[in-house]
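Asks: no sequence on this one, just coordinates:
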């Protein structure tokens with residue numbers, strides 16, 4: 001994070017000087033007025049220049065990227081991160097060797113890392129972000145698996161004519177199951193249980 005102290009005949013002039021030196025805009029910085037200055041007699045005698053300290057605001061997205069790199073490094077995995085931003089949604093795609101360690105059984109480690117990334121990026125309260133953390137396209141493959149599982153378990157529920165309970169999964173994965181079966185007129189789906197054991201029930 002860069003910061004600079006600048007002076008000018010007025011606070012506004014000092015701020016503009018600092019912004020030019022940092023090559024940034026006012027909405028991306030925090031401004032601290034050290035001295036408001038004095039105009040002096042006839043604008044000359046006893047005049048005192050205004051002094052401000054201008055600091056670049058922390059970029060929560062970049063900070064979260066660095067946080068993820070630090071956490072994964074402590075897990076002995078070096079990752080490259082590609083970040084995609086769409087409105088208030090941020091997607092981090094991790095790549096590198098030994099990436100399976102970061103996915104874990106049924107994506108449990110990846111889900112935990114995603115939760116930590118969500119907390120890290122929302123430490124500041126100005127903007128609320130939603131986060132998706134992926135590793136080598138795992139989320140897409142998992143989605144296909146869940147959609148396939150949804151239809152398979154729905155067929156089982158219809159065949160046996162009784163409720164079928166799926167394994168516990170996080171809310172965003174349960175949503176995939178619900179969406180996959182929402183157009184069916186033969187079964188209904190609902191979530192049951194308490195976190196972290198909340199699961200989907202498919203009912204004829």
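Replies: Structure received. Remember, it's a predicted structure, so these values are computed and weren't measured experimentally.
Asks: ok, the residue nearest the centre of the chain - contacts?
Replies: For the chain, the residue nearest the mean C-alpha position is residue 131 (3.5 Å; Cα atoms, centre = their mean). By Cβ atoms under 8 Å, 6 or more residues apart in numbering, residue 131 lies in contact with 64, 89, 90, 91, 92, 114, 117, 118, 121. Every C-beta, even on glycine, is put in place using the N, C-alpha and C of the backbone.
Asks: Show me the residues you listed that map onto strands.
Replies: Cross-referencing the contacts of residue 131 against strands under DSSP state E gives 89, 90, 91, 92.
Asks: hmm, which of those are the buried ones?
Replies: 90, 92 (16 or more other Cβ atoms under 10 Å).
Asks: how near is residue 93 to residue 170?
Replies: For residue 93, the distance to residue 170 equals 19 Å [Cβ to Cβ, to the nearest Å].
Asks: Tell me the bridge partners for residue 31.
Replies: For residue 31, the beta-bridge partners under DSSP bridges are residue 54.
Asks: That one and residue 54 touch, don't they?
Replies: Yes. Assessed by Cβ atoms under 8 Å, residue 31 is found in contact with residue 54 at 5.5 Å.
Asks: immediately after the lengthiest helix in the chain, which helix or strand?
Replies: Counting by DSSP state H, the longest helix found in the chain is helix 138-160. As assigned by DSSP states H and E, the chain's next helix or strand after helix 138-160 is strand 164-165.
Asks: Give me the neighbour count for residue 25.
Replies: Neighbour count for residue 25, taken as other Cβ atoms under 10 Å: 8.
Asks: quick one: it and residue 15 touch, right?
Replies: No. Applying Cβ under 8 Å, one finds residue 25 not in contact with residue 15, separated by 11.0 Å.
Asks: Any buried residues in stretch 170-177, and which?
Replies: 170, 173, 174, 176, 177.
Asks: Over to stretch 195-204?
Replies: 200, 201, 202.
Asks: would CSV of these with pLDDT be doable?
Replies: Output for the buried residues of stretch 195-204, formatted as CSV (pLDDT from 0 to 100):
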residue, pLDDT
200, 95
201, 96
202, 95
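Asks: Would you reformat the residues you listed as JSON lines and include distance to residue 20?
Replies: Below are the buried residues of stretch 195-204 laid out as JSON lines (distance: Cβ to Cβ, whole Å):
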{"residue": "200", "distance to residue 20": "57"}
{"residue": "201", "distance to residue 20": "62"}
{"residue": "202", "distance to residue 20": "62"}
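Asks: which one among the residues you listed gets closest to residue 70?
Replies: residue 200 (34.9 Å; Cβ to Cβ).
Asks: ok so the closest one is a strand residue?
Replies: Yes. Assessed by DSSP: H, G, I helix; E, B strand; the rest coil, residue 200 belongs to a strand.
Asks: Could you measure from it over to residue 81?
Replies: Counting by Cβ to Cβ, the gap from residue 200 to residue 81 is 31 Å.
Asks: nearest residue to residue 176 other than its sequence neighbours?
Replies: residue 146 (4.7 Å; Cβ to Cβ, 6 or more residues apart in numbering).
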